[in-house]
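Enquirer: sequence and predicted structure below; questions after.
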Amino acid sequence: MTLTDEVRSFNRFYTREIGLLNRRLPATDLSLPEARVLYELAHAPETGRTAAEIGRALGMDKAHLSRIVARFRARGLMQSRVSADHGKHRLLTLTDMGQKAFAAAEAAARAQVDALLTPIGEGGRERLAEAMRDIRAALNGREAEEGDWSLRPLRPGDVGWIIHRQTVLYHQEYGWDWTYEGLASRILGAFVAEFDPVREDGWVAERGGAIVGSIFLMKSDDPAVAKLRLLYVEPSARGLGLGRTLVATCIGRARELGYRELTLWTNDVLVAARRIYQAAGFRLISEAPHQSFGHDLVGQTWTLDLA
C-alpha cells in the first residue's frame, strides 16, 4: 500500500469513528463547518475577528463561510460591529446564546472523544498522542521544537522497547537484518542482569509520554574505563540537539563516577552519531571491517579522556 493509500484509508476510518459522515455532529444541530466556525469565534480575541481572518484560518471558501455567518446571525448566535481601527472591517463575536451553544458543542465533542479513548490503556494513549503530534508536524512542514523533550531514568518496559525500536530503525535506514536484535539484546540483557548502580546508568528521552531516544553508561573490565552504549534518537526528534544532550549527559555522569576514560564502539555508516561523538571530543583510535547484520561494515572504536 502506498502512502497515499494509507492516508486515504486512515481518513475513511477516522471520519467513520468520530461520526463525520453524519449530517450533524453528535448531540448538536451543527454541521462540521459550522462547529469549526463557532470554535474560531469562541477563541477569538475579545474584540472579535473578521470573516476574512476566520476564512484564512480554516481555509474555507468565502461563499460557504458567508452563508454560515448569516445563519449564525439569524439564530442570534453571533453579532458584529465596525472595527475601530478600520472602518471597512466588521468584527464578529459570539452572543451569550452563541457562547452557550459553543459550550454545549464543546462538551458533546469532549464526551465523544472520551468515549472513543476509554477502552485504550495509558500506553496506547501516549503512543496515540505522539503519533498525532508527529502527523501534524509532518503535514505542517516542520519538525518538533528544540527542548520539547525531557530525560528520565529507566522504567520497566523501556529496555525491551529500545531494543525493538533500534532494530526496526536500523533495518529501515541501513537494511540491517534481524540479527542486530541479538546484539542489542545481549548488551542490554547483561546490563539489566548485572546492573551496578554505583558504576552504571541509563537515560530515556521522552516527549509527550513517548520514548524518542536513549543512551547507556556501562562499566568495563577496567574499573577506570566506562562504555557509552546504544545511543539512539527517533527520526521525529532528530536535528534538535537531543543526541548531543544524551551524549553530554553520559559523559557528565561518567566523570561524576570517577572514570578516567569513556569508550564506544560504532559503525562507520552511523554518520550522524559519529559527528556527535567527534564534536564531544571523542577520538577514533581503531577501525576494522566485519560482516554483521547482513552487511559488510567497518567497526570503529572511539575514546574520550575524562581526566
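Expert: Received it, and whenever you're ready, just let me know what you need.
Enquirer: what is the neighbour count of I163?
Expert: 20 (other C-beta atoms under 10 Å). C-betas here are computed from N, CA, C, even on glycine.
Enquirer: which non-adjacent residue is nearest it?
Expert: A184 (4.6 Å; C-beta to C-beta, 6 or more residues apart in numbering).
Enquirer: could you do V204 as well?
Expert: Leaving aside its chain neighbours, V204 sits nearest to S214 (4.9 Å; criterion: C-beta to C-beta, 6+ apart).
Enquirer: before we move on, back to that, list the buried ones in the helix or strand hosting the residue nearest to I163?
Expert: Secondary structure from DSSP states H and E places A184 in helix 179-193. Neighbour counts using 16 or more other C-beta atoms under 10 Å place Y180, E181, L183, A184, I187, L188, F191 of helix 179-193 among the buried residues.
Enquirer: who does the following helix or strand past that helix pair with, and is each partner parallel or antiparallel?
Expert: Downstream of helix 179-193, the next assigned helix or strand under DSSP H and E is strand 201-207. Sheet pairing here is set by DSSP bridges, and for strand 201-207 it gives strand 150-152 (antiparallel), strand 210-219 (antiparallel).
Enquirer: specify the angle between strand 201-207 and helix 179-193 in degrees.
Expert: With axes from the mean of the first three to the mean of the last three C-alpha atoms, to 10 degrees applied, the angle from strand 201-207 to helix 179-193 works out at 120 degrees.
Enquirer: shaky segments in the stretch 201-307 of the chain?
Expert: Nowhere does the stretch 201-307 of the chain drop to pLDDT under 70.
Enquirer: tell me which stretches of it form strands.
Expert: All strands of the stretch 201-307 of the chain, identified by DSSP state E, counting those that start in this stretch, fall at 201-207, 210-219, 225-233, 261-267, 283-292, 295-305.
Enquirer: next one: stretch 265-272 to chain centre, how far?
Expert: Offset of stretch 265-272 from its chain centre (C-alpha atoms, centre = their mean, to the nearest Å): 24 Å.
Enquirer: which parts of that stretch are buried?
Expert: So for stretch 265-272, counting by 16+ other C-beta under 10 Å, buried means T266, N267, L270.
Enquirer: same question for stretch 100-115.
Expert: A101, F102, A105, A108, A109, Q112.
Enquirer: residues contacting it, please?
Expert: Applying C-beta atoms under 8 Å, 6 or more residues apart in numbering, the external contacts of stretch 100-115 come out as 18-19, 25-28, 30, 35, 38-39, 41-42, 77, 94.
Enquirer: which one of these is nearest V7?
Expert: I18 (16.4 Å; C-beta to C-beta).
Enquirer: quick one: the closest one and G258, what's the gap?
Expert: I18 sits 56 Å away from G258, going by C-beta to C-beta, to the nearest Å.
Enquirer: the two: who's more crowded?
Expert: In terms of neighbours (other C-beta under 10 Å), I18 is the more surrounded of I18 and G258; the figures are 16 against 11.
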